[in-house]
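Student: This is the structure alone, sequence omitted:
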């Protein structure tokens with residue numbers, strides 16, 4: 001009966017651990033060198049992107065002329081081209097990392113196969129000795145020394161079996177971890193492929209915007225200045241209307257319905273960026289918004305930078321206010337309602353990645369930094385509302401407009 005049990009154990013062991021190793025694609029050293037090269041290329045490209053960002057931000061406060069506006073657009077085009085190149089290299093890097101991990105997995109499976117054979121051999125030896133009790137061992141040997149030696153061998157076999165099984169468990173854990181990492185890398189590659197596709201779309205949109213600018217102004221400074229003057233009046237009208245509505249809604253916020261102020265309630269909506277404007281009556285708001293209240297915070301960043309959902313929730317609105325008042329308000333924006341009674345707004349996007357009704361997860365890419373609507377340069381405008389006060393209100397100046405009782409986002413972000 002004991003032999004049957006041991007034989008069954010060997011059979012089960014071979015089934016569980018007897019998988020074949022995958023083919024090796026390339027040497028690990030060559031892959032590591034290729035990955036390191038890609039990392040270096042990405043760092044160089046990102047450095048160039050940051051340099052273009054500094055130049056773009058440095059021209060935002062300059063006097064407004066057609067030539068300088070065209071230069072800004074050209075700078076954005078250059079920036080998004082670099083972003084496209086960065087995504088292409090990232091995709092290549094993910095591919096190399098996956099290949100390297102597959103090589104490691106193959107190596108682990110080879111070691112697993114060796115360990116499996118060692119355990120199988122130990123089990124066979126134990127099976128052969130299984131019927132011999134200590135009494136039988138001592139009776140069948142001619143001397144006490146031989147009996148003691150055989151008993152010690154049996155004990156050593158059992159100890160070896162325990163060590164070999166423990167080693168196999170460790171290999172299996174390594175295999176699981178590497179397979180998980182492969183899955184993560186494949187997901188990262190998938191996300192970056194999506195980013196690449198969307199950055200190319202953003203590039204085409206910027207080219208169209210430049211063409212519209214040239215056509216509307218007929219490439220004449222006088223026409224540009226006339227259009228700019230009319231736009232600034234429109235922007236002031238829209239800002240005044242929105243401030244009047246939201247000033248009342250702020251007074252209607254019920255503190256008992258919203259989370260208490262603490263870092264980490266919401267995630268930071270942009271991974272790589274910097275806070276360029278605070279909340280409320282900021283210095284910039286006094287002249288940039290004609291003295292109006294800034295109902296959110298701004299994150300400056302290169303055009304095409306991915307924007308992340310600050311918390312899981314439902315997309316309740318996606319729109320482009322440039323269709324109603326070109327460069328007058330939020331431009332392309334997304335509004336997400338969360339389970340914690342907060343609603344977040346992401347504005348001035350170059351592209352959105354979601355639609356109304358979508359359920360999104362915290363950290364999910366929902367859009368990309370842009371310069372649509374009333375924006376002097378590429379950035380994300382991020383507003384947090386009390387959901388109970390949030391609404392889409394028809395505007396006299398700019399079509400359906402997201403409004404609500406706004407809250408300082410810094411109350412909830414770990415910045």
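Tutor: That came through fine. Treat the numbers as computed from the prediction; the structure is a model and nothing was measured.
Student: if I've got this straight, residue 414 is in a helix?
Tutor: No - counting by DSSP: H, G, I helix; E, B strand; the rest coil, residue 414 is not found in a helix; it is coil.
Student: excluding its backbone neighbours, what's nearest it?
Tutor: residue 263 (3.9 Å; Cβ to Cβ, 6 or more residues apart in numbering). The C-beta positions use only the backbone N, C-alpha and C, and glycine is treated the same way.
Student: how about the one you found, secondary structure?
Tutor: coil.
Student: which residues touch it?
Tutor: Residues near residue 263 by Cβ atoms under 8 Å, 6 or more residues apart in numbering: 412-415.
Student: quick one: which of these is most hemmed in?
Tutor: residue 412 (24 neighbours; other Cβ atoms under 10 Å).
Student: Verify the stated contact: that one with residue 258.
Tutor: No - here residue 412 does not reach residue 258: they are 9.3 Å apart, not a contact under Cβ atoms under 8 Å.
Student: Mind listing the shared neighbours of the two?
Tutor: Common neighbours of residue 412 and residue 258 (Cβ under 8 Å, 6+ apart) are residue 342.
Student: Let me see the mean pLDDT of the helix or strand containing residue 112.
Tutor: Assigned by DSSP states H and E, residue 112 falls within helix 66-129. Mean pLDDT, helix 66-129: 88.
Student: Counting by contacts, list what it packs against.
Tutor: Packed against helix 66-129 by the contact rule (3 or more Cβ pairs under 8 Å, 6 or more residues apart in numbering; DSSP states H and E) you find helix 2-17, helix 28-58, helix 144-217, helix 221-251.
Student: That one vs helix 28-58, what angle?
Tutor: 150 degrees (axes from the mean of the first three to the mean of the last three Cα atoms, to 10 degrees).
Student: Give me the distance between helix 66-129 and the centre of its chain.
Tutor: Put simply, helix 66-129 sits 17 Å off its chain's centre (Cα atoms, centre = their mean, to the nearest Å).
Student: Now do it and helix 221-251, the angle between them.
Tutor: Going by the same axes, to 10 degrees, helix 66-129 makes 60 degrees with helix 221-251.
Student: quick check: angle from helix 66-129 to helix 144-217?
Tutor: 160 degrees.
Student: sorry, back to before: pipe the helices and strands packed on helix 66-129 into JSON lines and attach mean neighbour count, distance to residue 355 and mean pLDDT per row.
Tutor: Shown next, in JSON lines, are these (neighbours: other Cβ atoms under 10 Å; distance: least, Cβ to Cβ, whole Å; pLDDT from 0 to 100):
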{"stretch": "helix 2-17", "mean neighbour count": "12", "distance to residue 355": "45", "mean pLDDT": "50"}
{"stretch": "helix 28-58", "mean neighbour count": "15", "distance to residue 355": "29", "mean pLDDT": "90"}
{"stretch": "helix 144-217", "mean neighbour count": "15", "distance to residue 355": "14", "mean pLDDT": "83"}
{"stretch": "helix 221-251", "mean neighbour count": "15", "distance to residue 355": "25", "mean pLDDT": "89"}
